[in-house]
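**Student:** Test case, fold it:
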Amino acid sequence: MNTETYLEEARVAHRKILEAAAYLREAAGPFADTPRRRAIEAVAADAEKLALDLEGHMQEVLRGLWQGE
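**Tutor:** You can find the predicted model right below:
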């Protein structure tokens, strides 16, 4: 897989992860402060962390390209 393809697939994955996290947060809304809501929100937070990690990795790849690595 070339770098351009990787970056495009990573961008798509990043967007989908953030969409899933938003969906989970919305789905947690109807539940009062219950273990179920906390569990759903925890999964959403994990997804958001994963998206941030992926974004950081994409930035490292781009930085490497700009520096000619």
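
**Student:** Spatially central residue in the protein, please.
**Tutor:** A51 (2.1 Å; C-alpha atoms, centre = their mean).

**Student:** how close does that one sit to R25?
**Tutor:** 13 Å (C-beta to C-beta, to the nearest Å). Any C-beta I mention is one placed from the backbone N, CA and C, and that applies to glycine too.

**Student:** Can you get me a residue count around the closest residue to L50 other than its chain neighbours?
**Tutor:** Using C-beta to C-beta, 6 or more residues apart in numbering and skipping residues adjacent in sequence, the residue nearest L50 is I17, 5.7 Å away. The tally of other residues near I17 (other C-beta atoms under 10 Å) stands at 20.

**Student:** please renumber so the chain begins at 28
**Tutor:** Sure, I'll start numbering at 28, so the last one becomes I44.

**Student:** so how far is P62 from I44?
**Tutor:** The gap separating I44 from P62 is 24 Å, by C-beta to C-beta.
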